[in-house]
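Trainee: this is the structure alone, sequence omitted:
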């Protein structure tokens, strides 16, 4: 009787409600980084890609500006105030007095925002890249990692690489994500396929200190736990959980983990694959486009597929590798919001399990400086 009752409950139980998606703020021009600190949501404005169809150079796109947002605010159209505008130095700001305006020497922080309590600093990444064929327009003046220190209310340069890429010197080309673990700032280089780290110890005592040069953690070849090796490319996403560092790869599509020993990867570095997503297809020009990952308090990993915007959720298990190509996403943002080309590139998972997501179209002429931060919650 008990078994029959249980089976009936399974067969006739109502389906789980779909996650709810609600706007939090539309104040930030093209949001591209999220951080929570003391109950406030901080959002980084990335700025428009003008050379590929964005706003006119005469309009201030607020690239590099930090906004403070109430995560529980009522009106998304007014929810957000400026905390810090970029300064020159360390940014290379747009000189509107030039004729014509030189876009190639302008800094637009491209992605990621992380807060580290020990150094009281927000960290962000910016990579240059050539935006589009036949144009010298750059997404950023040069590849850089920057920080804003709450102790001095000033911007600082952690690292900047204007050229001369030397793999041996651990200079990440295309830095597009970072993560503080203990005293280390980990930074991924998307374009030359490496993970490096900076020692933040000097900055804990002295906001005017120097994090020093980066050291290489691993490059584009990883040794797996079964003794084989695997090529990984497009290092793009970082998370930490229960003594493991997780890394997602935008080009080759894997998500792996490596064991940490006192906040440092155990040596030799041995990786375990926990998920596989569709890799970059040079003919079709498509991939799963993994740009960010994060854990909720229950140990579930959230993965952003940037465009069209989808979020996958699963418990990482190297003995049961998640198939991101065959599995249905936890929420299809593009479909839910009725925007087939919606682009979402950063996520942040709060302590209550809700997920904040940045969205925006850097190439759209018709949406002004648009962009929305959404919150996704269990239905």
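Mentor: That came in fine, so what should we check first? This is a predicted model, so every value here is computed, not measured.
Trainee: buried residues of stretch 70-81, list them for me.
Mentor: For stretch 70-81, the buried set under the neighbour-count rule, 16 or more other Cβ atoms under 10 Å, comprises 70-71, 73, 76, 79-80. Glycine gets a C-beta too; all of them are placed from N, C-alpha and C.
Trainee: what's the burial count for the closest residue to residue 194 other than its chain neighbours?
Mentor: By the measure of Cβ to Cβ, 6 or more residues apart in numbering, the closest residue to residue 194 outside its immediate chain neighbours is residue 219, 4.9 Å from it. Using other Cβ atoms under 10 Å, residue 219 has 18 neighbouring residues.
Trainee: pretty sure residue 219 sits against residue 189.
Mentor: No: taking Cβ atoms under 8 Å as the definition, residue 219 is not a contact partner of residue 189, at 9.2 Å.
Trainee: re the thing from before, how close does the residue nearest to residue 194 sit to residue 318?
Mentor: Residue 219 sits 21 Å away from residue 318, going by Cβ to Cβ, to the nearest Å.
Trainee: just residue 128 next, same as before
Mentor: For residue 128 relative to residue 318 (Cβ to Cβ), the value is 35 Å.
Trainee: looking at these two, which has the bigger crowd around it?
Mentor: Each of residue 128 and residue 318 has its neighbours counted (other Cβ under 10 Å); residue 128 has more, 23 against 16.
Trainee: and the more buried one, that's in a strand?
Mentor: No: using DSSP: H, G, I helix; E, B strand; the rest coil, the secondary structure at residue 128 is coil, not a strand.
Trainee: any shared contact partners between residue 219 and residue 189?
Mentor: residue 195 (Cβ atoms under 8 Å, 6 or more residues apart in numbering).
Trainee: mind showing which ranges of the stretch 151-300 of the chain have poor pLDDT?
Mentor: For the stretch 151-300 of the chain, the stretches with pLDDT under 70 are 162-170.
Trainee: how about the strands of it, start to end?
Mentor: Assigned by DSSP state E, counting those that start in this stretch, the stretch 151-300 of the chain shows strands spanning 154-161, 175-181, 184-189, 194-199, 215-218, 221-224, 229-231, 235-241, 244-249, 254-261, 264-265, 270-276, 290-295.
Trainee: you'd agree residue 82 is up against residue 60?
Mentor: No: contact between residue 82 and residue 60 fails when scored by Cβ under 8 Å: they sit 11.6 Å apart.
Trainee: of the strands of the stretch 151-300 of the chain, which is nearest residue 338?
Mentor: Ranking those by proximity to residue 338 (Cβ to Cβ) places strand 290-295 first, at 21.8 Å.
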